[in-house]
Structures are given as structure tokens and as C-alpha cells.
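Asker: model the structure of this input:
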Amino acid sequence: MAEGAAGGEGMGAIMIIEIILIIGVFYFLMIRPQKKEQKKMTAMLSALEIGDYVLTSSGMYGVIIDITDDTVIVEFGNNKNCRIPMRKAAIAEVEKPDAETK
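Answerer: Presented below is the predicted three-dimensional model:
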């Protein structure tokens, strides 16, 4: 009888180790990359400057003409009449203008 109880305790420890391993794998495959991407996006949005070319999450290209705390005003098109205020979170990509074009 004592042998059966000892075998059951060993199985419980193995199950706990397996659960910890699954949680560790989940962290490194799901949570950590998401945090890295979020940190990268935050750095990109905090480095926005007037004159940057941006791609919005809706797929429109424009140039930043004004920046406030959480919004930007983006100018679309060549006619300089289409200016749309939007949240910084709506910006998907940023392309800095070349120093030669300034």
C-alpha cells in the first residue's frame, strides 16, 4: 500500500512540472513577442515629427503637419486641402523624409 501512495505523489509532481513548462512555452511564444511589438510601436509613435510620411491603419499615405499629445493632423494628397486629424494609434508605419529633400 505504501508503494502505491508513493507512485501517486510522483505523478502529481510531474503534472505540476508539465503545467509550468506549458505556461513557460506560452509566455515565450505568445506574450513576450506581443510585448516587444507593443514597445516597438510605442517608440515609433513617440518619435513622430512634423514632416514624417505615414501610412495609416486604413491604408492612406500622408504627411504629418501638426502633432499634439495623442492626435496628429495628417495631410493627404497633393492639393494640400485634405487635412484630417487622427489618433496616433491609427498610424501603422512611419517613413522619415530624406535629409536631401528638406
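Asker: in contact with the closest residue to residue 82 other than its chain neighbours, which residues?
Answerer: Nearest non-adjacent residue to residue 82, counting by C-beta to C-beta, 6 or more residues apart in numbering: residue 76, 4.4 Å away. Using the backbone N, CA and C atoms, a C-beta is placed for each residue, glycine as well. Counting by C-beta atoms under 8 Å, 6 or more residues apart in numbering, residue 76 makes contact with 60, 61, 62, 82, 83, 84.
Asker: in this structure, what residue spans correspond to helices?
Answerer: 2-26, 32-46 (DSSP state H).
Asker: looking at the ones you listed, which has the lowest confidence?
Answerer: With a mean of 79, helix 2-26 has the lowest mean pLDDT of the helices of the chain.
Asker: who's the closest residue to residue 63 other than its chain neighbours bridged to?
Answerer: Spatial nearest neighbour of residue 63, chain neighbours left out: residue 75 (5.1 Å); criterion: C-beta to C-beta, 6+ apart. Beta-bridge partners for residue 75, by DSSP bridges, are residue 63, residue 83.
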